[in-house]
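Trainee: give me a 3D structure for the following:
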Amino acid sequence: QVPLVESGGGLVQAGGSLRLSCAASGRTVSNYDMGWFRQAPGKEREFVAAIRWWGTSTYYADSVKGRFTISRDNTKNTVYLQMNSLKPEDTAVYSCAARPGSSSSYYLARYYNYWGQGTQVTVSS
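Mentor: Okay, the predicted model is just below:
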């Protein structure tokens, strides 16, 4: 098991910024790919961003490219999602996920083994 705990969500005005954190408790995730997904009310969960275990390869959904940045600090077993220029359509519950390093599609939730509980992000217009 890889317990994951997200933090940093909240209410922000459009155009604002938030930084989400995802901490792995009691276990190193340095050899895990990490991803962020989100789910808005009435919608399916969607891929947001991912980072490979070695840290230099990152991937983004088109809807957040240029506004969001994923990063990791393996010394702290933590992954971050810096979200800038937030829009009302970014409102969702954001969850982080982990999987052992894999060549499987990084944007598909089914390839991730461990999930956090999620943190709410609300962007007001």
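Trainee: helices of this structure, start to end?
Mentor: Taking DSSP state H as the criterion, the chain contains no helices.
Trainee: quick check, pLDDT for the residue nearest in space to the middle of it.
Mentor: The geometric centre of the chain, computed from its C-alpha atoms, lies nearest to residue 36 (C-alpha atoms, centre = their mean), at 2.3 Å. pLDDT recorded at residue 36 is 98.
Trainee: please apply the same query to residue 65.
Mentor: 98.
Trainee: let me see the ranges of the strands in this structure.
Mentor: 4-7, 10-13, 18-24, 32-39, 46-51, 58-60, 68-73, 78-83, 92-100, 114-115, 119-124 (DSSP state E).
Trainee: how far away is the nearest residue to the residue nearest to the centre of the chain once chain neighbours are set aside from residue 10?
Mentor: The shortest distance from residue 36 to any residue other than its chain neighbours is 4.3 Å, reached at residue 48 (C-beta to C-beta, 6 or more residues apart in numbering). Every residue, glycine included, has its C-beta placed from N, CA and C. Distance, residue 48 to residue 10, using C-beta to C-beta, to the nearest Å: 17 Å.
Trainee: neighbour count for these two, which is higher?
Mentor: Using other C-beta atoms under 10 Å as the criterion, residue 48 and residue 10 rank with residue 48 on top: 25 against 13.
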